[in-house]
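*Asks:* Output the structure for:
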Amino acid sequence: MFFMLSVLFNPRMLVTLLMAFSSGIPLALTSSTLQAWMTEEKIDIGTMGIFSLIALPYSLKFLWAPLIDRYVPPLLGRRTGWILIAQLMLALSIAAMGFIPPSAMVSYWPLALVPLLVAFFSASQDIVVDAYRADLLTPKERGFGSALYVTGYRIAMLVSGGVTLILADHMPWKSVYLIMSATMIVGILASIFAPEPAQSVATPKTLKDAVALPFIDFFTRKGAYEILVFVLLYKMDVVMTVAFTTKFMMDLGFSKTEIGIVFKFFGLFATLGGTLLGGAAMVRLGLKKSLWLFGITQGAAGLTFMWLATQGMQKSINLFEIIKNFSGLTFSFLEELGTIDPLMVSSIAIENFCSGMGNAAYSAFLLSLCSKKFSATQFALLTSLMAASRTIIQTPSGYIQAAVGWPMYYLIATLIAIPSLLMLLRYDRWHKLDEE
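*Replies:* Prediction:
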């Protein structure tokens, strides 16, 4: 018990949470929040679509990750130095966005380089923060550390993607972006005072080594190809389950307001709760048992959607009145719902909760695969592979649903969990992970 508490409450966890907040701030500022600003300036949706290319650095970050493994900045340490540089550049580039309205970017395209720079420095920060976590956290800390990272990141996205819209109703967009620039002080202070991971291995001697050796290091391990297949498969059931959730709910007759409020309110807290509980449980369970347990639960959670599809919409609960009578609190946005379907709420809550637990184990597993010498490059590659798995399963999902209908679709989504679970039978035959 004492060991569990020592893992949950130590300075490394606080640093992880603060750096996660810093990592989560920029994403919405170049996507959903920027779209809101563009909408106010009457910019057409086709142009907005072109601006989505700003997100490319997040997909291509593995291309310059070797530079971060190879070179050590002259200030702070190998990881904290790069984090501080990325954060300072983010603070400057986010502030600069506030002085350049979208209409100016459309009229003079070179100005669009400013949000592109925000995305580039944000992706760079992600690279080195992920490497920092891989190097800093002990095997027993990775589960809860990953849970805290997801929590901090999601809170930051609420700030930059939600609070910003509220602020924009009361002040100019320039002021909003300047405030968001100021929030980077959280990560900057964390970087300055954060401990540098103990460097027990030498950095790559040449850039060529930094590019080639991470692949050689990984693929010479026992079971390397099986591990990659497992990385592709482990979250495929979740991806398929949530691929068309909005359309599914609308097909059942739920309004956009109902879907939005239930997802934002119940979905968010269920995800955070599942992630934190899963991370805390991993301290006692260990990585292998957690992958098994959370893999089963995240797969089985899809059955709640299948049950909802067979039962249809059955509104019977006035959530506003329940919360008001129980706590005395009133939330005007809940009053708009009227009665809601308890099965719809429970389906979303259960799926998000179980997926959150799976995220904690999955992220800890990815961290365990990274050599400290090449953690920036290897983690960037693994997360790119993870993103590829989403594309692989989402592409045919619409055709599958059209062919079999919603109940069978969600049954198939649940069954897709089986191959990754069967691969866990090979876990002990894989290269010994730094787990104990």
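*Asks:* C-terminal to the helix ranked longest in the chain, what's the next element?
*Replies:* Secondary structure of the chain per DSSP state H: the longest helix is helix 375-404. Once helix 375-404 ends, the next helix or strand along the chain (criterion: DSSP states H and E) is helix 406-415.
*Asks:* So which bits of that following helix are buried?
*Replies:* Of the residues in helix 406-415, 406, 409-414 count as buried by neighbour count, 16 or more other Cβ atoms under 10 Å. C-beta: built from backbone N, CA, C; applies to glycine.
*Asks:* Mind giving me the packing neighbours of that helix?
*Replies:* Secondary-structure packing of helix 406-415 (3 or more Cβ pairs under 8 Å, 6 or more residues apart in numbering; DSSP states H and E): helix 236-242, helix 302-311, helix 375-404.
*Asks:* Now render those as TSV, adding mean pLDDT.
*Replies:* Shown next, in TSV, are those (pLDDT from 0 to 100):
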stretch	mean pLDDT
helix 236-242	85
helix 302-311	88
helix 375-404	78
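*Asks:* Switch those over to CSV; also include mean neighbour count and distance to D169.
*Replies:* As requested, those are exported to CSV (neighbours: other Cβ atoms under 10 Å; distance: least, Cβ to Cβ, whole Å):
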stretch, mean neighbour count, distance to D169
helix 236-242, 24, 30
helix 302-311, 19, 35
helix 375-404, 17, 34
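*Asks:* what's the closest of these to L76?
*Replies:* Within those, the stretch nearest L76 is helix 375-404; the backing value is 15.5 Å (Cβ to Cβ).
*Asks:* any idea how far F144 is from V239?
*Replies:* Distance of F144 to V239, given as Cβ to Cβ, to the nearest Å: 24 Å.
*Asks:* actually T297, sorry about that
*Replies:* Look at T297 and V239: by Cβ to Cβ, they are 16 Å apart.
*Asks:* picking up where we left off before, check the offset of the longest helix of the chain from the chain's centre.
*Replies:* With Cα atoms, centre = their mean, to the nearest Å as the basis, helix 375-404 stands 14 Å off its chain's centre.
*Asks:* Ok, stretch 289-301 next?
*Replies:* Distance of stretch 289-301 from the chain centroid (Cα atoms, centre = their mean) equals 19 Å.
*Asks:* Just the terminal-to-terminal distance for stretch 153-170.
*Replies:* Distance across stretch 153-170, first residue to last, is 25 Å (Cα to Cα, to the nearest Å).
*Asks:* residues making contact with it?
*Replies:* If you take Cβ atoms under 8 Å, 6 or more residues apart in numbering as the criterion, stretch 153-170 is touched by 20-29, 31-33, 36-37, 175-176, 179-180, 183, 268, 271-272.
*Asks:* re earlier: show me the one of the helices and strands packed on helix 406-415 that comes nearest K222.
*Replies:* For K222, the closest of these is helix 375-404, at 16.4 Å, according to Cβ to Cβ.
*Asks:* What ranges does the chain have for its strands?
*Replies:* Using DSSP state E, the strands of the chain run over 317-318, 339-340.
*Asks:* what's the least confident stretch among the ones you listed?
*Replies:* Lowest mean pLDDT within the strands of the chain: strand 317-318, at a mean of 50.
*Asks:* Domain ranges for the protein, per the record?
*Replies:* According to automatic domain parsing, the chain comprises the domains 1-200, 205-436.
*Asks:* mind checking how far L303 is from L415?
*Replies:* With distances taken as Cβ to Cβ, L303 is found 10 Å from L415.
*Asks:* Skip the chain neighbours and tell me the closest residue to the residue nearest the centre of the chain.
*Replies:* Taking Cα atoms, centre = their mean, the centroid of the chain lies closest to V150, which sits 6.0 Å from it. Nearest non-adjacent residue to V150, counting by Cβ to Cβ, 6 or more residues apart in numbering: T275, 4.8 Å away.
*Asks:* one step back: and the domains of the chain, which one's lowest on average pLDDT?
*Replies:* domain 205-436 (a mean of 79).
*Asks:* Skipping its backbone neighbours, what lies nearest W406 in space?
*Replies:* Per Cβ to Cβ, 6+ apart, closest to W406 is A309, 3.9 Å.
*Asks:* I'd like to know how many residues surround T297.
*Replies:* 18 (other Cβ atoms under 10 Å).
*Asks:* Relative to Y362, how far out is it?
*Replies:* 13 Å.
*Asks:* K208: which of the helices and strands packed on helix 406-415 is closest?
*Replies:* Comparing the helices and strands packed on helix 406-415 under Cβ to Cβ, the one sitting nearest is helix 375-404, at 12.8 Å.
*Asks:* angle of that closest one against helix 406-415?
*Replies:* Computed by axes from the mean of the first three to the mean of the last three Cα atoms, to 10 degrees, the angle separating helix 375-404 from helix 406-415 equals 150 degrees.
*Asks:* Counting by contacts, list what helix 375-404 packs against.
*Replies:* Helix 375-404 packs on helix 65-70, helix 113-136, helix 207-219, helix 224-233, helix 236-242, helix 342-368, helix 406-415, going by 3+ Cβ pairs under 8 Å, 6+ apart.
*Asks:* Give me the buried entries from the contacts of stretch 153-170.
*Replies:* 20-29, 31, 33, 36-37, 176, 179-180, 183, 271-272.
*Asks:* In helices only, show me those residues.
*Replies:* Going by DSSP H, the helices hold 20-29, 33, 36-37, 176, 179-180, 271-272 from the buried ones among the contacts of stretch 153-170.
*Asks:* picking that back up, could you dump the helices and strands packed on helix 375-404 into CSV and include distance to F193?
*Replies:* Listed next are those as CSV, based on distance: least, Cβ to Cβ, whole Å:
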stretch, distance to F193
helix 65-70, 21
helix 113-136, 14
helix 207-219, 28
helix 224-233, 34
helix 236-242, 36
helix 342-368, 22
helix 406-415, 44
